[in-house]
Each structure stands twice: as structure tokens, then as C-alpha cells.
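K.L.:
Give me coordinates for this.
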Amino acid sequence: MKKKKILIISHDFVKKVNIRIYEELNKKKNIEILCVRPKKLIIKNRIFPSDFRLKNSKVSLIESKVNYSNLRFLFFKDTFKILNTFKPNEVLIHNDPVSLQVFFIIFFSIFYKSNFKITCFSHENKIIQYPNNSNLKINFRSLLLLFFNFFIKHKIEKILCISKQIKNNYDYLGYANKTYLIPLGYDEKIFKKKKTRKKNFTISYFGRISYEKGIHVLIKALKKIKFDFDFMLDVSHIEDINYYKKLLKSLRKVLKPNQINLIKCNHTEIADFMSRSDLVILPSIYQEQYGRVIQESVACGSLVIGSRVGAIPEIIVDGDLLFERNNHQQLAFKINKLKNKNFYNKKIKKLYKRVCNERTLNKQLHALKNLF
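P.N.:
Model (predicted):
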């Protein structure tokens with residue numbers, strides 16, 4: 001029996017964490033996987049460097065040049081050559097169905113009469129909101145996506161969705177029988193509880209530093225905390241240097257120098273800092289597509305509070321750990337409640353149990369195995 005050949009094309013394979021699940025899937029005896037990543041990735045003038053070499057991957061991985069634009073217009077220039085050489089049974093694209101990469105693959109399948117199936121791993125989570133918005137530009141974008149999806153959905157075999165919010169968007173677009181919920185899994189070998197001595201209660205933020213992540217809201221809330229704590233800020237990914245400078249200025253007005261700990265770490269090292277945290281905050285003010293840091297922090301033994309946007313509520317669930325975006329007073333109130341140790345222990349025990357039961361790499365792998 002011939003192995004099923006799956007070609008996976010993704011811009012985010014420049015990061016090791018995004019290819020881990022396929023390294024595990026590749027161990028399945030009846031599957032042969034070939035992954036394609038960019039030689040160099042630049043999106044909206046931001047460079048995304050690779051954090052691992054090709055030879056360090058446990059799955060076949062090649063690089064291809066890409067055009068530099070936003071994700072919807074990103075295209076791997078060697079796509080046709082790779083399709084001709086590898087001859088896959090299925091192509092999985094980490095992008096939305098309405099994207100230049102998918103259009104070219106559909107064109108190839110028709111022009112060369114190839115019968116491979118096409119699957120998308122999509123992060124589109126805003127479509128449903130658009131028709132109710134008075135902004136003409138946003139409504140036009142929504143109608144345009146509806147139009148293109150109407151014509152191409154018969155060529156799409158499956159859409160993998162990392163949250164219920166994303167699944168609901170594609171169900172709305174007419175893919176109801178083709179959408180599958182595949183929550184991202186954390187690597188249990190990296191993210192796990194460690195015996196770490198903690199001096200003071202530590203509140204942390206991990207992730208990109210940009211306005212949409214709402215870190216300024218968190219700093220306003222810190223001013224109203226009624227118990228002693230240290231604050232850890234991840235400065236590994238500064239997207240807006242001017243915003244970062246303003247954050248530091250505000251932070252130094254709110255906290256004493258010995259309370260502030262600025263850290264830099266990669267995706268593997270971050271687990272150690274999460275283990276040192278008692279509370280991790282996700283104060284996003286935009287529609288977060290997932291919030292991977294939630295499950296990773298919880299797996300390391302930290303409690304998490306997040307804003308009620310995007311997929312964050314879907315992962316956290318507990319209303320005591322959610323606050324309305326931009327509401328620093330409500331966030332401060334939620335944090336202050338955690339001063340009660342019994343309350344804190346009750347919340348972390350419940351969240352830890354659910355995350356470990358639902359969002360591990362093995363859980364994600366099991367879901368993918370059923371689809372391929």
C-alpha cells in the first residue's frame with residue numbers, strides 16, 4: 001500500500017513551534033509529509049527570522065522564495081515546481097481559502113488535471129461582525145470575501161479552525177460541512193510545571209509588544225493592585241518601538257525599579273519564565289485568533305486572566321478570569337480578588353485540569369489523525 005503524500009505549505013514554519021504537530025503526524029506509517037517554508041519572510045515591513053535550521057526538523061522540509069506582502073497575497077514562487085515533483089494526494093495551506101496561494105493551487109489542479117484534495121488551515125475570525133458594521137470599506141471587504149468563497153468552496157475539501165469563533169465564520173461563509181475544530185496543542189515536553197521558588201507574587205505579560213495587545217491597559221491596572229507583587233514583561237518581540245518606550249515610561253511611574261523584570265527569551269526558554277509566574281495577563285484589545293500563551297502558561301502552573309475578545313474567552317471560559325477589553329478598572333478588580341489564596345488555588349486547579357485535558361499536542365494530533 002502506497003503512503004498518502006501530504007504537501008503542507010506555510011509561512012509560519014519559520015517558527016519551530018508551528019511545525020511540531022506535523023513532525024508527530026509524520027510518524028504515522030501510512031503518511032509521507034513534505035513541508036514548505038519561506039527562505040525569507042517579510043510581511044508589512046516586518047522581518048520574521050527562522051528560529052531553527054532545516055536539518056533540525058524531524059519532517060522533510062524545504063524552502064521557497066515568497067513574494068512579500070500581506071498574508072492574503074503571499075505566494076510561494078516554487079509552488080508549481082513542488083507540486084509537479086512531489087505529486088501529493090492532499091495539499092494543506094496555512095492560509096485563508098480566499099488567498100493568492102490557494103487560487104494558484106486551484107488553478108494548477110484544474111490546468112494539470114491533478115486530483116489532489118485541498119485543505120486550508122485558516123485564522124479568519126472577523127467576517128460575521130462585518131455586515132453589522134457601518135463602515136463601508138469593511139462591509140465591501142466582507143461582501144468581496146463572500147463572493148469569492150461562493151465560487152471556490154466546492155474546490156476546498158476541508159477547513160481546519162483553531163477556535164469555535166473561526167469555525168462559526170466559515171460556517172457563515174457556506175463551509176458548514178467542511179469545517180473542523182482543531183485547537184492548537186502545547187508541547188508537554190516543554191511546557192510543564194517545575195519546582196520553582198517564588199519570592200513575591202509575580203504578574204507577567206508574554207507576547208508581542210504592539211498597541212493592539214493592550215499592554216497599556218495592563219499597566220493602568222497595575223497601579224490599582226492592593227498587594228505586593230513583581231511584574232515581568234517579555235520584550236523579545238517589539239513591533240512598535242515608540243509604543244514600547246511609552247510603556248516603559250508609564251511602567252516606571254507605576255512601579256519601583258526592583259518590581260520590574262524585563263526579559264528576553266525564545267519559545268523554548270519562555271516556559272521557565274512562565275513557571276516563575278503566578279499570574280499571566282492577556283489584555284488584548286483586538287480580536288485574538290487564539291492566544292497560545294494561555295494554555296502554555298497554565299501548563300507551566302500559572303493562572304491566566306484575559307480580555308473578553310476573540311478566542312480568549314473560549315480557552316479561559318471562567319468569567320472570574322475574564323474582563324472587558326480596555327477596562328483597566330475591571331482588570332484590577334479581578335487581579336485583587338486573587339489575593340485570597342483559597343480563591344486563587346481553586347481557579348488555577350480548575351483551569352489547569354481543563355487545559356491539560358483539552359489542549360495538549362497529543363489531543364491536536366489525535367484530531368488531525370482522524371482527518372488525514
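K.L.:
okay, now residue 337: neighbour count?
P.N.:
Using other CB atoms under 10 Å, residue 337 has 14 other residues around it. C-beta coordinates here come from the backbone N, C-alpha and C atoms, glycine included.
K.L.:
How much space separates the closest residue to residue 77 other than its chain neighbours from residue 36?
P.N.:
Nearest residue to residue 77, sequence neighbours excluded (CB to CB, 6 or more residues apart in numbering): residue 65, at 4.7 Å. Computed as CB to CB, to the nearest Å, the residue 65 to residue 36 distance reads 11 Å.
K.L.:
name the helices or strands packed onto the one helix or strand residue 110 maps to?
P.N.:
For residue 110, the host element (DSSP states H and E) is helix 100-111. Contacts defined by 3 or more CB pairs under 8 Å, 6 or more residues apart in numbering; DSSP states H and E place helix 100-111 against helix 79-86, strand 90-93, strand 117-122, helix 136-152.
K.L.:
which of the residues in the first one are buried?
P.N.:
Using 16 or more other CB atoms under 10 Å as the burial criterion, the residues of helix 79-86 that qualify are 79, 82-83, 86.
K.L.:
and of those, the nearest to residue 161?
P.N.:
Set against residue 161, the nearest of the buried residues of helix 79-86 by CB to CB is residue 79 (23.7 Å).
K.L.:
quick one, what contacts that closest one?
P.N.:
Residues in contact with residue 79 (CB atoms under 8 Å, 6 or more residues apart in numbering) are 9, 64, 101, 104-105, 108.
K.L.:
For PyMOL, write the select line for the buried members of the residues you listed.
P.N.:
In PyMOL, this line selects whichever of those come out buried by 16+ other CB under 10 Å:
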select buried, resi 9+64+101+104+105+108
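K.L.:
Identify the farthest-apart pair in the contacts of residue 79.
P.N.:
Going by CB to CB, the pair spanning those furthest: 64 and 108, at 14.5 Å.
K.L.:
quick one: the helix or strand bottoming out on mean pLDDT in the chain to strand 117-122, angle?
P.N.:
Least confident helix or strand of the chain, by mean pLDDT, DSSP states H and E, is helix 136-152 with a mean of 76. Interaxial angle, helix 136-152 versus strand 117-122 (axes from the mean of the first three to the mean of the last three CA atoms, to 10 degrees): 160 degrees.
K.L.:
Return the set of buried residues in helix 136-152.
P.N.:
Applying 16+ other CB under 10 Å to helix 136-152 flags 142, 145-146, 148-149 as buried.
K.L.:
again with stretch 85-103
P.N.:
For stretch 85-103, by 16+ other CB under 10 Å, it's 86, 88-102.
K.L.:
ditto for stretch 33-40
P.N.:
Buried residues in stretch 33-40 (16+ other CB under 10 Å): 33-38.
K.L.:
got TSV for these, with distance to residue 115 and pLDDT too?
P.N.:
Listed next are these as TSV, based on distance: CB to CB, whole Å; pLDDT from 0 to 100:
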residue	distance to residue 115	pLDDT
33	19	94
34	18	96
35	22	96
36	20	97
37	26	96
38	28	94
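K.L.:
quick one: which of those is nearest residue 155?
P.N.:
residue 36 (19.9 Å).
K.L.:
Which residues are in contact with the residue lying closest to the closest one once chain neighbours are set aside?
P.N.:
In this structure, residue 36 finds its nearest non-sequential neighbour in residue 9, 4.7 Å apart by CB to CB, 6+ apart. Residue 9 makes contact with 35-36, 76, 79, 91-95, 101 under the criterion CB under 8 Å, 6+ apart.
K.L.:
Go again with 7 Å.
P.N.:
Counting by CB atoms under 7 Å, 6 or more residues apart in numbering, residue 9 touches 36, 76, 91, 93-94, 101.
K.L.:
so where is this protein shaky, pLDDT-wise?
P.N.:
For the chain, the stretches with pLDDT under 70 are 1, 128-138, 196-198.
K.L.:
elements contacting whichever strand in the chain runs longest?
P.N.:
The strand spanning the most residues in the chain, taking DSSP state E as the definition, is strand 31-38. Applying 3 or more CB pairs under 7 Å, 6 or more residues apart in numbering; DSSP states H and E, one finds that strand 31-38 contacts strand 4-9, helix 20-25, strand 60-64.
K.L.:
Run the angle between that strand and helix 79-86 for me.
P.N.:
Going by the same axes, to 10 degrees, strand 31-38 makes 160 degrees with helix 79-86.
K.L.:
next structured bit after strand 31-38?
P.N.:
That would be, after strand 31-38 and using DSSP H and E, strand 41-43.
K.L.:
Outside of that following strand itself, which residues are in contact with it?
P.N.:
Identification of contacts with strand 41-43 by CB under 7 Å, 6+ apart yields 11, 14, 48, 66, 68, 70-71.
K.L.:
Kindly report the same for stretch 332-352.
P.N.:
221, 224-227, 279, 298, 303-305, 318, 320-321, 323.
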